[in-house]
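S.K.: coordinates only, no sequence provided:
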């Protein structure tokens, strides 16, 4: 039976916090952990020292999230002692040649008895705009075996600078770390929640810079002008509406959010994820996030007779919004209706073949 042990250490003393968080751990095969950027290196080292035979994977977070609420700098951990198979690895040089490390993925896949009811959990450093490159590398193999990808971009305390990922005590700033997890007792299902809805304003991205994630033109016109006109605001006021009106990439019946970053020369918009040329784009507006959350939880509960555990990744922009409206702890506690879970506030979210923003994703283990 899959019964991961969840722990949270909130003491300011590192050793005491470690004891608090892992007091129920005996011999875990896998430990997933989150903490703040400032505490990440120390907790990574201490976890490896105490659990040297475990796979230990984690990343720095804007906030740690569990059913008891949000913290900043606590050690939040989940330990799996049975009910899974797992194998982990590292993808390096993500700003240049992540494909050089593709054998690490192949080796991890080969170590599983089979790919059924397995997923790849990955944490990626986002300071080099390399998430899409990493996803292309990983999924070139995962898709062959039908293994879904689920992950997030590591975060800091809101400065949007250097962030960390870690595997087995080693800390990285230009890497992606991953672990393949096979649920021996049932299915794993992935969910994505948007708290924005499409407006009637739809466009085609006609000029972009993929590497720098810049959208120059929508329907052959300057992107910023198109957005300002559709929102009925002067160009110089457009950045004030960036958070409430991101661009959505329409793929079939789904929408993947690209958060607005900067206004460039009053014409172009830089984003936190790629928008590809000839993509269908819709301008988004806020939805009722309280009702959306209720719908998400109800959907998940209807899909499962029994939930053993969930992983939650919630974008930093959503988390900051919830904090500003005194909804953050309510949000965390509402997710507790799903049972035990751990989560973190990320700089970006990844699921299947897509990297996106301003979204919550959930991996639910039967």
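M.R.: Sure thing, it's come through. Only a predicted model underlies this, so the values are computations on that prediction, with no experimental measurement involved.
S.K.: give me every residue that touches residue 107.
M.R.: 87, 89 (C-beta atoms under 8 Å, 6 or more residues apart in numbering). Just so you know, the C-beta spots here come from the backbone N, C-alpha and C atoms, and that holds for glycine as well.
S.K.: and it, how far is that from residue 92?
M.R.: Per C-beta to C-beta, to the nearest Å, residue 107 is found 15 Å from residue 92.
S.K.: ranges for the helices of this protein?
M.R.: 14-22, 37-50, 102-111, 131-145, 223-231, 289-303, 316-324, 328-335 (DSSP state H).
S.K.: just send the ones you listed back as CSV, with distance to residue 259 and mean pLDDT too.
M.R.: Shown next, in CSV, are those (distance: least, C-beta to C-beta, whole Å; pLDDT from 0 to 100):
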stretch, distance to residue 259, mean pLDDT
helix 14-22, 31, 98
helix 37-50, 20, 98
helix 102-111, 28, 96
helix 131-145, 13, 97
helix 223-231, 13, 97
helix 289-303, 16, 98
helix 316-324, 6, 97
helix 328-335, 19, 97
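S.K.: make CSV from the ones you listed and add distance to residue 199 to it.
M.R.: What follows is those, written out as CSV (distance: least, C-beta to C-beta, whole Å):
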stretch, distance to residue 199
helix 14-22, 44
helix 37-50, 36
helix 102-111, 39
helix 131-145, 26
helix 223-231, 7
helix 289-303, 16
helix 316-324, 19
helix 328-335, 25
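S.K.: please name the nearest non-neighbouring residue to residue 148.
M.R.: residue 119 (5.2 Å; C-beta to C-beta, 6 or more residues apart in numbering).
S.K.: and the one you found, what are its bridge partners?
M.R.: Beta bridges link residue 119 to residue 181 when assigned by DSSP bridges.
S.K.: give the contact list for it.
M.R.: 147, 148, 149, 150, 180, 181, 188, 190, 363.
S.K.: does the second one touch residue 120 like I think?
M.R.: Yes: with contact defined as C-beta atoms under 8 Å, residue 148 counts as touching residue 120 (7.2 Å).
S.K.: mind giving me the domain split of this structure?
M.R.: 5-192+291-365, 196-286 (automatic domain parsing).
S.K.: end to end, how far does the longest one reach?
M.R.: Looking at domain 5-192+291-365, the gap from its leading to its trailing residue is 14 Å under the measure C-alpha to C-alpha, to the nearest Å.
S.K.: next one: stretch 58-71
M.R.: End-to-end for stretch 58-71, by C-alpha to C-alpha: 16 Å.
S.K.: out of the domains of the chain, deepest packed?
M.R.: Stretch with highest mean neighbour count among the domains of the chain: domain 5-192+291-365 (a mean of 20; mean count of other C-beta atoms under 10 Å).
S.K.: tell me how far the nearest residue to residue 289 once chain neighbours are set aside lies from residue 189.
M.R.: Leaving aside its chain neighbours, residue 289 sits nearest to residue 195 (4.0 Å; criterion: C-beta to C-beta, 6+ apart). Applying C-beta to C-beta, the value for residue 195 to residue 189 is 20 Å.
S.K.: could you do residue 219 as well?
M.R.: Applying C-beta to C-beta to residue 219 and residue 189 gives a distance of 37 Å.
S.K.: got it, and residue 353?
M.R.: Where residue 189 is concerned, residue 353 sits at a distance of 17 Å (C-beta to C-beta).
S.K.: what does residue 257 give?
M.R.: In terms of C-beta to C-beta, residue 257 sits 21 Å off from residue 189.
S.K.: try residue 2
M.R.: From residue 2 over to residue 189 (counting by C-beta to C-beta), the distance is 14 Å.
S.K.: do the same with residue 321
M.R.: 26 Å.
S.K.: coming back round to it: intersection of neighbour lists for residue 2 and residue 189?
M.R.: residue 366.
S.K.: the residue nearest to the spatial centre of the chain: what's its closest spatial neighbour, skipping adjacent residues?
M.R.: Taking C-alpha atoms, centre = their mean, the centroid of the chain lies closest to residue 152, which sits 2.5 Å from it. Distance criterion C-beta to C-beta, 6+ apart; nearest residue to residue 152, sequence neighbours excluded, is residue 346 at 3.6 Å.
S.K.: can you tell me which residues contact that neighbour?
M.R.: So residue 346 contacts 61, 62, 152, 153, 154, 155, 313, 314, 315, 316 (C-beta under 8 Å, 6+ apart).
S.K.: do residue 337 as well
M.R.: Counting by C-beta under 8 Å, 6+ apart, residue 337 has contacts 297, 301.
S.K.: do the one 10 residues further on as well
M.R.: For residue 347, the set of contacting residues under the criterion of C-beta under 8 Å, 6+ apart consists of 62, 126, 152, 153, 154, 155, 160, 163, 272, 315, 316.
S.K.: now do residue 182
M.R.: Shown in contact with residue 182 (C-beta under 8 Å, 6+ apart): 84, 85, 86, 112, 113, 114, 115, 116, 117, 118.
S.K.: now render these as a markdown table, adding pLDDT and distance to residue 231.
M.R.: Shown next, in a markdown table, are the contacts of residue 182 (pLDDT from 0 to 100; distance: C-beta to C-beta, whole Å):
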| residue | pLDDT | distance to residue 231 |
| --- | --- | --- |
| 84 | 97 | 47 |
| 85 | 97 | 50 |
| 86 | 97 | 47 |
| 112 | 96 | 49 |
| 113 | 95 | 53 |
| 114 | 95 | 51 |
| 115 | 95 | 45 |
| 116 | 96 | 47 |
| 117 | 97 | 45 |
| 118 | 97 | 44 |
